[in-house]
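# The following comprises the amino acid sequence and a computationally predicted model.
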Amino acid sequence: MEKHTIDPFYNKYSKVLILGSFPSVKSREANFYYAHPQNRFWKVLASIYHEEIVNKKDFLNRHGIALFDVCATCEIKGSSDASIKKVVCNDISLITNVCDIKLIILNGKTATKLFNKFVKDINIKTVSLPSTSSANAKFSLNDLVQAYQIIKEFTD
């Protein structure tokens, strides 16, 4: 069993919550979200806001973006979402009770599947978007930027 060890990232001004499934090995090592250099998450956000991301936390705070994952603990082989089993869900109310979240984005099919299975009674607009992982090769960076544009509607 692996335990989620990265604190949820948010501040009281967060408007959009982006949920992944479970942190990659690289993210767990770095103790922050989307740390694998080939994950396109940060490139997507930089493209959407037309700015270079120098400090990830400052960038997220400035744009009202919160980050967390659906799984609190699970069995996982490496970073493979396909291998996730025996899930215990994170309590996302830690964020939704403090912030005025207007949109929850589910980053990928596994996050969506797990969210729909384990998270109940959420009265917040929720959108499932393609994974930013490099393993999701059928979506180009441009495709992902187009899909994730919805973030700006809720943060600008």
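Good, I have the coordinates.
# for stretch 91-105, which positions count as buried?
Across stretch 91-105, burial judged by 16 or more other C-beta atoms under 10 Å covers 92, 95, 96, 99, 101, 103, 104, 105. For the C-beta atoms, the positions are set from N, CA and C on the backbone; glycine is no exception.
# In helices, which of these fall?
Residues of the buried residues of stretch 91-105 located in helices (DSSP state H): 95, 96.
# could I get the buried residues of stretch 91-105 as JSON lines with pLDDT?
What follows is the buried residues of stretch 91-105, written out as JSON lines (pLDDT from 0 to 100):
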{"residue": "92", "pLDDT": "95"}
{"residue": "95", "pLDDT": "96"}
{"residue": "96", "pLDDT": "96"}
{"residue": "99", "pLDDT": "96"}
{"residue": "101", "pLDDT": "98"}
{"residue": "103", "pLDDT": "98"}
{"residue": "104", "pLDDT": "98"}
{"residue": "105", "pLDDT": "98"}
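# from the buried residues of stretch 91-105, which ones fall inside strands?
Residues from the buried residues of stretch 91-105 lying in strands, with DSSP state E as the criterion: 103, 104, 105.
# Among the residues you listed, which one sits closest to residue 129?
The closest of these to residue 129 turns out to be residue 105 (C-beta to C-beta; 5.6 Å).
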